[in-house]
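In: A predicted structure for the sequence below; I have some questions about it.
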Amino acid sequence: MSFFSVGFPTSLILMLGLLGLNPQVFAFKTFLDLNCIALGLLLGLPLSVSVFPPVSQKSGAEIEKEFS
């Protein structure tokens, strides 16, 4: 489940390094790393959560008695 949220930013940072987009200045490198992590969490976390079905389901009658 954590592959998308952890592996995606890592692979994105490595691919940018292979393309030569690896800044040497600390501020720019940190900014790029944080953006890659944010993008991975923004895209990868919802995708990894949506892959798995819900663990339990409850009917409306079990949650509130007035619906039964």
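Out: Looks like it came in fine. Predicted, not measured: the structure shown is a model, and the values here were computed from it.

In: and whichever helix in the chain runs longest, how far out from the chain middle?
Out: What stands out as the longest helix in the chain, according to DSSP state H, is helix 26-51. Put simply, helix 26-51 sits 6 Å off its chain's centre (CA atoms, centre = their mean, to the nearest Å).

In: which secondary structure elements does that helix contact?
Out: Under the contact criterion of 3 or more CB pairs under 8 Å, 6 or more residues apart in numbering; DSSP states H and E, helix 26-51 touches helix 8-18. Every C-beta, even on glycine, is put in place using the N, C-alpha and C of the backbone.

In: now the helix it packs on: buried residues?
Out: Phe8, Pro9, Leu12, Ile13 (16 or more other CB atoms under 10 Å).

In: didn't the second one look like it was pressed against Leu34?
Out: No - in this structure, Pro9 is not within contact of Leu34 by CB atoms under 8 Å, at 9.6 Å.

In: buried stuff in the longest helix of the chain?
Out: Buried residues in helix 26-51 (16+ other CB under 10 Å): Leu32, Cys36, Ile37, Gly40, Gly44, Leu45, Ser48.

In: the last one reaches Ser5, doesn't it?
Out: Yes - the pair Ser48 and Ser5 passes the contact test of CB under 8 Å, sitting 5.7 Å apart.
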